[in-house]
Every structure is written in C-alpha cells, then in structure tokens.
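In: The following comprises the amino acid sequence and a computationally predicted model.
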Amino acid sequence: MVKSTLIARVADGLPLAASMDDEDSHGLTEYTNQAKHLMKRLSKESEQKCSIDSHPFVFHYMIEFGVCYLCVCEKSYPKKLAFGFLEELQTEFHALYGHEMQRVARPYAFVKFDNFIQKTKKNYKDARTQRNLQKLNEDLGDVTRIMTKNIQEVLGRGEQLERMSNASQNLSSESKKYLKDSRHLNWQALYQKYGPPIIVLTIVILVFYIRVWWW
C-alpha cells in the first residue's frame with residue numbers, strides 16, 4: 001500500500017504538498033527524509049518516471065510540468081497501481097494549482113491538497129479490490145520499462161557530484177586568490193624597483209621648480 005506522499009518542485013526541491021497523517025509515521029521518518037533528500041537531487045535531466053529501492057520500501061516518482069510526485073510504497077505493492085495513484089494526483093494538482101505552483105516561495109503552500117491525497121490513497125489502499133484489479137488489467141503505460149535504482153546509488157552519486165562541485169568551486173576561489181596575490185606581488189616588485197628613482201626624480205623636479213619660481 002501507499003505509505004507516504006510528497007509533491008515538490010523540481011527546480012529547487014521546494015515541497016509543495018504532502019500527506020500529513022501517514023500511518024506509522026515514526027517508522028517512516030528515515031524514508032521521508034530520504035525522499036526529501038532525493039527531491040533536491042532531481043533536475044530536468046532526471047528520468048521522468050523512476051522506482052527507487054530503499055528496503056523495505058520503494059519510492060515511485062513521476063515528473064510532469066516541472067513538478068515531482070513521489071510516493072513511498074511497500075515493496076509488494078504493484079508498480080502499476082503506484083503510478084496510477086501518482087497520475088491521479090498529478091492530474092488534480094495541475095488542474096488546481098498549475099497556474100501558480102512555479103511562483104510560490106513558501107514550503108507546503110498547497111497543504112490543503114492533502115485532503116485529495118488521503119481520499120485517493122484510500123481508493124488505492126487494497127490492491128485486491130475490484131477497482132484496482134481492473135486497473136491492473138488496464139493499459140496504464142508499460143511500467144515494466146520504468147527504471148529501478150537503489151537509493152544509495154542515487155543519493156551516493158548525488159553526494160559525489162556535490163563534492164566535485166564543491167571542489168571545483170574551491171579551486172576557482174583559490175585561483176582567484178592566487179591571481180589577486182600575484183597582482184599584488186607584481187605591484188610590490190614594480191614599486192621596489194622603480195619607486196625610489198621616481199621619488200628622487202620627483203624631489204629633484206620639485207626643488208628645481210621652487211628655485212626657479214622663488215629665486
């Protein structure tokens with residue numbers, strides 16, 4: 001069954017809505033944190049649909065119009081129903097908030113959408129109901145082609161990319177500092193080489209000017 005749901009903007013990972021009264025919420029804390037971390041790793045180049053294994057659960061997500069819809073499910077829950085659930089959320093959420101979801105700056109700005117999440121989650125709770133058995137037999141897209149990854153692979157790769165980015169930024173900062181120090185040393189060397197003669201010449205010219213002007 002669907003255990004938890006999160007909706008976030010892909011561009012910056014800002015959470016827009018979420019299920020607020022998840023069953024066994026204390027046991028899900030680690031996985032909801034992983035989901036939030038995952039949201040921040042996504043970009044427009046990420047797979048539009050993906051399943052991520054995080055034993056004993058699976059994260060299923062889909063991206064539409066710059067928004068990611070993610071649910072945490074038991075591993076035994078059918079993938080086709082999980083994505084059917086996400087598609088219903090996406091259709092309703094986009095219809096209600098599509099014109100403003102890219103402009104909001106406050107986290108969970110659409111918290112009221114939880115009412116629809118809970119209502120839809122009840123419909124998908126039991127995979128054996130007539131409604132869901134029928135959906136399993138419907139063509140909801142070839143979910144077998146949706147890539148499955150491991151959570152450590154996804155988050156670990158993200159951390160590696162983040163470290164590379166930080167190293168690149170540090171290298172850039174060091175290069176700028178080196179360039180600044182080099183310019184300072186060059187000016188210092190020029191001053192040491194030409195400063196005294198220029199000072200002497202300036203004094204001579206000043207003395208000559210005073211003698212000519214006043215005498």
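Out: Sure thing, it's come through.

In: Quick one: the strands in this structure, in order.
Out: Ranges of strands in the chain, per DSSP state E, are 2-9, 15-18, 49-54, 57-64, 67-74, 147-150.

In: and the fourth one, what does it pack onto?
Out: With contacts defined as 3 or more CB pairs under 8 Å, 6 or more residues apart in numbering; DSSP states H and E, the secondary structure elements packing on strand 57-64 are helix 25-41, strand 49-54, strand 67-74, helix 79-97. All C-beta atoms are positioned from the backbone trio N, CA, C, and that covers glycine.

In: go again using 10 Å as the cut-off
Out: Judged by 3 or more CB pairs under 10 Å, 6 or more residues apart in numbering; DSSP states H and E, strand 57-64 is in contact with strand 2-9, helix 25-41, strand 49-54, strand 67-74, helix 79-97, strand 147-150, helix 151-214.

In: Could you do the third one as well?
Out: Contacts defined by 3+ CB pairs under 10 Å, 6+ apart place strand 49-54 against helix 25-41, strand 57-64, strand 67-74, helix 79-97, strand 147-150, helix 151-214.

In: mean pLDDT for the ones you listed: which is lowest?
Out: Of all the helices and strands packed on strand 49-54, helix 151-214 carries the lowest average pLDDT, namely a mean of 63.

In: Glu64 against Phe83, yeah?
Out: No. Taking contacts as CB atoms under 10 Å, Glu64 lies outside contact range of Phe83: 11.7 Å.

In: Same list (the strands of the chain) but as a markdown table, adding distance to Pro196 and mean neighbour count.
Out: As requested, the strands of the chain are exported to a markdown table (distance: least, CB to CB, whole Å; neighbours: other CB atoms under 10 Å):
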| stretch | distance to Pro196 | mean neighbour count |
| --- | --- | --- |
| strand 2-9 | 63 | 23 |
| strand 15-18 | 66 | 22 |
| strand 49-54 | 70 | 20 |
| strand 57-64 | 68 | 22 |
| strand 67-74 | 68 | 23 |
| strand 147-150 | 69 | 12 |
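
In: thinking again about what came up before, report the set of residues contacting both of Glu64 and Phe83.
Out: Common contact partners of Glu64 and Phe83 (CB atoms under 10 Å, 6 or more residues apart in numbering): Lys49, Gln90.
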